[in-house]
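**Student:** Sequence first, then the predicted structure:
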Amino acid sequence: MDLAVLTQAIDQLVESDPSAYGDEQSLTVLYRELARLDAYVTRSTAAFDAAKGFGADGARSAASWLAKRCRVPRGYARKLVRRGRELRDLPVAAQAWLAGEITGSHIDVIATCRREGTAEAIERDEELLVDHARTLGFDSFARAVAYWGQLADPDGAEAAEAKRRDRRSVFLSESFQGMWFGRITMDPISGEIVGGELARLERELFDKDWAEARLGLGRDPLPGELERSGAQRRADALVEMATRSRGLGAGSTRPAPLFSVYVGYETLHGRICELASGTAVAPGSLLAWLDQAYVERAVFSLPNRVEVSESARFFSGATRRAIELRDRRCCHPYCDEPAETCQGDHIEPFSQGGKTTQDNGRLLCAFHNRARNQRPPPGPP
């Protein structure tokens, strides 16, 4: 094929009115074709890398050549080359990508699970993994592959989790002007603890800013009318975390993480060992926390039904907790708002006789709960 034909086709497309293709069907086609082109470019990059075509210009690697000649970030260039090499061992995934059925991000997820202990299993189960990529949402697909990796190579999964833990680090330094700069890298469990508390405090500050702005304006404020930006609130929330920590006495009770054990869930729905955010972790990563954590037991006895047992920690509203454990996020298909910020909603409206039970309840974020009368969301999964 003459690449001039491709250039001409793209020229015709970009000269057209973008709004002409701003509908759902056109966007679906555009993204599929974008994936196909991305797949072909990646395979061509792999061929260039294998043939060492970069050597003629004195470049040390294909990534160095791409970064210079194509003016892309060096990290992105290395990622493209790495993807191309991974495709050589993933023929089924490569064909699905060329067909526009999956994306490069799906390739990365599968490749992440490829190690010495899973090489044969990937060759055996690649079609299964690609089918998951075709049919599941991306986050669900990533979790499914993570669980597949744990089952295919339990020891390797635990070792990989330990390496993730070892990568934790915090850098915080003061500039000559007195400003502070930093970077944080955390393992999934530590990150969930710190990130969750930071988000909770940020919400407190947002509510305060919103209330003050509403009082001054006499109406609901727009985001740009609040006193602080989101980044500023997060910075202030971090300071608040440190201030509250310093104020705790030596004998103060430390908040403990809560682990929810799903009994019977694996039989009904499949393997589960993940954080509230949906990040799958190896079971061994929890051991270090068990001596300082609370544990609650959630029994899945019937489809979509959870019974919450008594635990060392008291929960007000067991029905609400049961729905949180079952749904874990907003039930609207185009939303992933976490359970703690969602509202409980009656599937059959309470005003029409709907009961306040877990079978008649679901989680909806505030936005979709307000909009439920305009476009009813689906029932619980």
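**Tutor:** All right, it came through fine. Residues are numbered from 1 along each chain as shown.

**Student:** Could I get the pLDDT score of residue 264?
**Tutor:** If you check residue 264, the pLDDT there is 69.

**Student:** Helix, strand or coil: sort out the spatially closest residue to residue 147 that is not a sequence neighbour for me.
**Tutor:** Excluding its sequence neighbours, the residue lying closest to residue 147 (C-beta to C-beta, 6 or more residues apart in numbering) is residue 271, at 4.7 Å. Where C-beta positions appear, they are placed from N, C-alpha and C, glycine not excepted. At residue 271, secondary structure determined by DSSP: H, G, I helix; E, B strand; the rest coil is coil.

**Student:** do residue 260 as well
**Tutor:** strand.

**Student:** In contact with it: list those residues for me.
**Tutor:** 295, 296, 297, 298, 325 (C-beta atoms under 8 Å, 6 or more residues apart in numbering).

**Student:** The third one looks like it's in a helix, true?
**Tutor:** No: with three-state DSSP as the criterion, residue 297 is strand rather than part of a helix.

**Student:** Look up how far residue 282 lies from it.
**Tutor:** 21 Å (C-beta to C-beta, to the nearest Å).

**Student:** Between those two, which is the more surrounded one?
**Tutor:** Neighbours per residue, other C-beta atoms under 10 Å: of residue 297 and residue 282, the larger number sits with residue 282, 22 against 14.

**Student:** What is the burial count for the nearest residue to the more buried one once chain neighbours are set aside?
**Tutor:** Spatial nearest neighbour of residue 282, chain neighbours left out: residue 161 (4.0 Å); criterion: C-beta to C-beta, 6+ apart. Neighbour count of residue 161, defined by other C-beta under 10 Å: 21.

**Student:** Residue 81 now?
**Tutor:** With other C-beta under 10 Å as criterion, residue 81 counts 22.

**Student:** Now do the contacts for it.
**Tutor:** Residue 81 neighbours (C-beta under 8 Å, 6+ apart): 45, 46, 49, 61, 62, 63, 66.

**Student:** Just to check, the first one is in contact with residue 63?
**Tutor:** No: using C-beta atoms under 8 Å, residue 45 and residue 63 do not qualify as a contacting pair, with a distance of 9.4 Å.

**Student:** And the helices in the stretch 51-200 of the chain?
**Tutor:** 62-69, 74-87, 91-98, 104-112, 119-135, 138-152, 154-166, 188-217 (DSSP state H, counting those that start in this stretch).

**Student:** Report the backbone C-alpha coordinates of the fourth one in CSV.
**Tutor:** What follows is the C-alpha trace of helix 104-112 in CSV, where atoms were taken according to Å, rounded to 0.1, in the frame of the first residue of the first chain:
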residue,chain,number,x,y,z
GLY,A,104,-2.7,-1.4,23.2
SER,A,105,-3.6,-1.0,26.9
HIS,A,106,-5.1,-4.5,26.8
ILE,A,107,-1.8,-5.8,25.4
ASP,A,108,0.0,-4.1,28.3
VAL,A,109,-2.2,-5.8,30.9
ILE,A,110,-1.7,-9.3,29.4
ALA,A,111,2.0,-8.7,29.0
THR,A,112,2.3,-7.6,32.7
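
**Student:** Give the buried residues for it.
**Tutor:** 104, 106, 107, 109, 110, 111 (16 or more other C-beta atoms under 10 Å).

**Student:** swap in the last one?
**Tutor:** Of the residues in helix 188-217, 188-189, 191-192, 196-198, 201-202, 205-206, 209-210, 213 count as buried by neighbour count, 16+ other C-beta under 10 Å.

**Student:** Out of those residues, which comes closest to residue 236?
**Tutor:** Using C-beta to C-beta, residue 205 comes nearest to residue 236 of the buried residues of helix 188-217, at 6.0 Å.

**Student:** How about the contacts made by the nearest residue to that closest one once chain neighbours are set aside?
**Tutor:** Computed as C-beta to C-beta, 6+ apart, the closest residue to residue 205 that is not its neighbour in sequence is residue 233, at 4.6 Å. Applying C-beta under 8 Å, 6+ apart to residue 233 gives the contacts 202, 205, 206, 209.

**Student:** And residue 240, how close does it get to residue 207?
**Tutor:** Using C-beta to C-beta, residue 240 is found at 14 Å from residue 207.

**Student:** got it, and residue 32?
**Tutor:** Separation of residue 32 from residue 207 (C-beta to C-beta): 42 Å.

**Student:** same question, residue 67
**Tutor:** In terms of C-beta to C-beta, residue 67 sits 45 Å off from residue 207.

**Student:** What is the burial count for residue 103?
**Tutor:** Count around residue 103 with other C-beta under 10 Å applied: 18.

**Student:** ditto for residue 181
**Tutor:** Other residues close to residue 181 by other C-beta under 10 Å number 9.

**Student:** contacting residues around the nearest residue to it once chain neighbours are set aside?
**Tutor:** Leaving aside its sequence neighbours, residue 181 sits nearest to residue 173 (C-beta to C-beta, 6+ apart; 6.0 Å). With C-beta under 8 Å, 6+ apart as the criterion, the residues that contact residue 173 are 180, 181, 182.
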